[in-house]
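below are the sequence and a predicted model; questions follow.
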Amino acid sequence: MSFFTRALSRPLFRSLEERVSVALFALLLLFASTHQLLAHGFKLGDLEIGHPWSRATPAGAKVAAGYLVVKNTGSQPDRLVSIQSDVSEKAEIHEMAVDAAGVMKMRQIGEGVEIPAGGEVAFKPGSYHIMFVGLKAPVKEGEKFAGTLTFEKAGAVTVEFAVDAMGGQTQDHSGH
């Protein structure tokens with residue numbers, strides 16, 4: 001009997017422990033590979049950009065908002081200074097804030113947003129966010145679009161914004 005015939009004639013796994021170990025290992029590999037897909041994060045030097053997302057827009061809309069979290073693991077602050085995207089004529093950094101009279105107002109942040117050393121800044125509804133102004137076409141649920149974030153020190157990184165439903169955030173995009 002040849003080596004191959006003997007090898008094929010005996011069981012592949014001798015014990016239940018071996019079978020369970022192989023199954024657990026396969027599940028761990030599957031989880032590890034899908035976790036990266038679900039995380040939807042990007043890295044640039046000491047900066048981690050967590051799950052950029054946007055909401056779908058109705059036909060004829062001229063603006064869309066973008067959200068993400070920027071974490072700075074470094075020892076020096078950095079600053080998000082600009083954004084560019086092919087989906088719009090321009091992109092701006094905005095902030096929603098309540099004024100002294102209790103009225104919520106949106107304003108453009110021309111100087112950019114500082115990302116503190118060892119800290120993070122969340123671009124989220126009702127706070128800092130990105131405005132894509134002059135949309136070239138509607139932003140559709142389930143699609144993705146690219147945007148390039150430029151930081152004062154770290155440079156530029158292209159990220160993908162996942163598009164959620166019009167009505168609101170349908171997934172946890174906190175990145176944590």
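Sure, I can see it.

hey, which helix or strand in the protein has the poorest pLDDT?
helix 16-39 (a mean of 48; mean pLDDT, DSSP states H and E).

and the next element down the chain from it?
Downstream of helix 16-39, the first helix or strand assigned by DSSP states H and E is strand 41-44.

which other residues reach that next one?
Residues outside strand 41-44 that contact it (CB atoms under 8 Å, 6 or more residues apart in numbering): 48-52, 149, 151, 154-157, 159, 175. For every residue, glycine as well, the C-beta is placed using N, CA and C.

and that strand, what's buried?
With burial defined by 16 or more other CB atoms under 10 Å, the residues of strand 41-44 counted as buried are 41-42, 44.

what of stretch 142-155?
For stretch 142-155, burial by neighbour count (16+ other CB under 10 Å) applies to 145, 147, 149-151, 153-154.

what helix or strand is the residue nearest the centre of the chain on?
Residue closest to the mean C-alpha point of the chain, counted by CA atoms, centre = their mean, is His51 at 1.5 Å. Following DSSP H and E, one finds His51 within strand 47-55.

now that strand, how far from the chain's geometric center?
Relative to its chain's centre, strand 47-55 lies at 3 Å (CA atoms, centre = their mean, to the nearest Å).

burial measure for the nearest residue to Met104 once chain neighbours are set aside, as a count.
The shortest distance from Met104 to any non-neighbouring residue, by CB to CB, 6 or more residues apart in numbering, is to Val98 (5.3 Å). As a burial measure, Val98 scores 10 neighbours (other CB atoms under 10 Å).
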